[in-house]
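In: based on what follows, work out the 3D shape:
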Amino acid sequence: MLLREPVLPVQHAEAVPWRALVKLAQPTPPVLGEVPFQRRLDRKKPGANRIDLCIGGAMLALVQRAALFLILSMATVSNISVISPKLMAEEPPGPSAAPLPAQIVAAKKVFISNGGEDTWLDFDPKHDPTLTYNEFYADMKIWGKYELVSSPADSDVVFEIHLALEATAPILRLRILDPKSHIVLWPINQMAKVASRDATARKNFDEAMDTLMGSLKKLVTSSP
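Out: The predicted model follows:
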């Protein structure tokens, strides 16, 4: 005969209030004197604090260097602003402009002398050796300030134009002379750019001639 275990009546669990469930889900506050779990983990990492100290020290060093650089920069600017006026004040004043010879100022008639050319013929045999003289004469005629005479005896001053070669660079030399004593009253020099081709050399020559004429006009018109 089989024995059956007694069947016990099923007891239904009581419903737990929802407020109690929320309270259970909240973290339990640490007990006074107890170290939090995360801090306990950090204490187990001996290198963490050293890394934080290294990073903090490096940042502090950068800040200190930046502050020192700013201070030195301000000091340098301050010294420059203080010293520069003093140095400028100690510099001697430049001499006053010397007067232009009276013959140049009062000249009405000019004789143009051909001083010749020292260069250009070596690399261009077709070049006209009177180019410098012709160009200067034409520019003086276009300017129209002076009466161009054909004899030095009839002139107030003589303008001698010459194309020289110094240190492989062509230079236009203009000398204003006294027709009687042949003393140089005033020189004007203008260097032309060096060129290996004749077309470029001619272009540089024309630019130098224009600059020379500009210097002559400035010299004469600026005199009182």
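In: so Ala97 sits in a strand?
Out: No - Ala97 is assigned coil when assessed by DSSP: H, G, I helix; E, B strand; the rest coil, not a strand.
In: what about it, neighbour count?
Out: 8 (other Cβ atoms under 10 Å). The way it works is simple: take the backbone N, C-alpha and C, and place the C-beta from them, glycine included.
In: quick one: buried residues of stretch 184-203?
Out: 185-186, 188, 190-192, 201 (16 or more other Cβ atoms under 10 Å).
In: part of a strand, is Phe159?
Out: Yes - according to three-state DSSP, Phe159 belongs to a strand.
In: for it, grab the count of nearby residues.
Out: 23.
In: contacts only, for the residue nearest to it when sequence neighbours are not counted.
Out: Spatial nearest neighbour of Phe159, chain neighbours left out: Ile112 (5.1 Å); criterion: Cβ to Cβ, 6 or more residues apart in numbering. Neighbouring residues of Ile112 by Cβ atoms under 8 Å, 6 or more residues apart in numbering: 133, 136-137, 140, 148, 158-161.
In: can you tell me which of these are buried?
Out: For the contacts of Ile112, buried by 16+ other Cβ under 10 Å: 133, 136-137, 140, 158-161.
In: export these to JSON lines and tack on pLDDT and distance to Gly116?
Out: Formatted as JSON lines, those follow (pLDDT from 0 to 100; distance: Cβ to Cβ, whole Å):
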{"residue": "Tyr133", "pLDDT": "96", "distance to Gly116": "8"}
{"residue": "Phe136", "pLDDT": "97", "distance to Gly116": "12"}
{"residue": "Tyr137", "pLDDT": "97", "distance to Gly116": "14"}
{"residue": "Met140", "pLDDT": "97", "distance to Gly116": "18"}
{"residue": "Val158", "pLDDT": "98", "distance to Gly116": "15"}
{"residue": "Phe159", "pLDDT": "98", "distance to Gly116": "14"}
{"residue": "Glu160", "pLDDT": "98", "distance to Gly116": "10"}
{"residue": "Ile161", "pLDDT": "97", "distance to Gly116": "9"}
